[in-house]
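J.: Sequence plus the predicted model coming up.
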Amino acid sequence: MDSLLAKKIEEGDFIITAEYLGGTDIQYDPAVILKNSGVLAVNVADNPYGPVISSLASAVKLMQAGIEPVYQLVTRDRNRIALQSDILGAASLGIKNILCLSGYHQSITEMPESANVYDLDSIQLIETVSRMNNEGVLLNGRKIEGNFSMLIGAVANPYLRPLELNILRMAKKVKAGAKFIQTQAVFNTTDFQEWLNAAYQEGLTERAAIIAGIYPLESYNEAKHLLRKHTDFYIPESHVKSIKDAGSPAAQKNRGIAICVETINKIKEMSGLSGIHLISGGKEDSIREIIEKAGI
């Protein structure tokens with residue numbers, strides 16, 4: 001693997017990545033905010049809540065600005081033909097990192113009437129890219145012409161219980177070929193520590209870089225919305241209350257950033273942790289401030 005992210009993982013560096021959520025402004029240049037922000041690589045989300053500029057196009061825009069992208073690809077919207085086609089296209093454009101996900105169910109997107117596909121699940125997608133890496137062939141055995149090489153990543157939710165099944169699922173992703181794991185947003189550091197310790201005991205932290213997701217809550221209303229709509233957000237009531245008690249919209253946003261910094265300071269020295277992933281949620285303008293205040 002010859003991506004910068006792959007190199008830093010191999011060297012054991014502490015890694016900082018971030019997310020570009022994407023939107024519908026076809027003239028918007030994400031590099032305006034993200035360039036020289038201090039992150040090693042930037043994820044480009046794949047239609048997480050409905051149609052936005054394609055993750056492939058956003059990844060190319062980042063590359064053109066000198067920012068290394070992590071190309072996100074969900075199985076919700078594509079069958080195995082389209083998935084492999086997009087992966088080949090990404091490789092032909094010089095993209096070296098891919099994050100394999102199933103994607104949010106369409107019922108919680110802006111277009112719940114959409115049909116889903118789920119021809120492959122996230123583990124099968126990881127296996128597909130691994131086969132393209134290791135054997136140089138597609139799922140039907142057709143040979144890939146040229147030097148195909150992609151660093152594969154996956155996602156894990158440290159709060160799903162029972163813990164044993166959680167770790168088992170992550171182990172399957174690592175066995176399938178995932179070299180880095182970006183987690184869902186961390187708020188409860190005690191339960192995150194329990195999960196990370198379990199991953200460490202299973203040897204998973206030696207086989208894949210574990211990168212903890214950090215999410216800047218902007219307001220009390222956003223926190224309540226996330227808790228109501230998404231099962232992958234576990235936000236302690238104390239955090240929700242402290243944001244509400246902050247008062248004005250500006251003060252609530254500042255409190256959300258302060259929670260990010262406090263969380264990073266609590267977890268950054270944990271054994272087995274390889275880095276921080278700043279999940280912007282569309283608030284890319286907060287990334288630089290969080291990095292500076294956390295001293296990372």
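T.: The structure has been received and is ready for your questions.

J.: In contact with the closest residue to S102 other than its chain neighbours, which residues are there?
T.: Spatially, and ignoring its direct neighbours in sequence, S102 is nearest to S122 (4.6 Å; C-beta to C-beta, 6 or more residues apart in numbering). Any C-beta I mention is one placed from the backbone N, CA and C, and that applies to glycine too. Residues in contact with S122, defined by C-beta atoms under 8 Å, 6 or more residues apart in numbering, are 75, 100-102, 154-155, 173.

J.: Please narrow those to those residing in helices.
T.: Among the contacts of S122, DSSP state H puts K173 in helices.

J.: helices or strands up against the helix or strand in which I98 is found?
T.: Using DSSP states H and E, I98 sits within strand 97-101. With contacts defined as 3 or more C-beta pairs under 8 Å, 6 or more residues apart in numbering; DSSP states H and E, strand 97-101 has these neighbours: strand 69-74, helix 122-134, strand 151-156.

J.: and F148, backbone torsions?
T.: phi -90, psi 130 (degrees, to the nearest 10).

J.: State the distance from it to L5.
T.: Using C-beta to C-beta, to the nearest Å, F148 is found at 17 Å from L5.

J.: Neighbour count: the two, which is higher?
T.: L5 (25 against 17; other C-beta atoms under 10 Å).

J.: The more buried one and L151 touch, don't they?
T.: Yes: using C-beta atoms under 8 Å, L5 is in contact with L151, at 6.0 Å.

J.: what do those two both touch?
T.: Taking C-beta under 8 Å, 6+ apart as the contact rule, L5 and L151 both touch 96-97, 180.

J.: ok, those residues vs R207, which is closest?
T.: F180 (10.3 Å; C-beta to C-beta).

J.: What strand or helix carries I210?
T.: strand 209-214.
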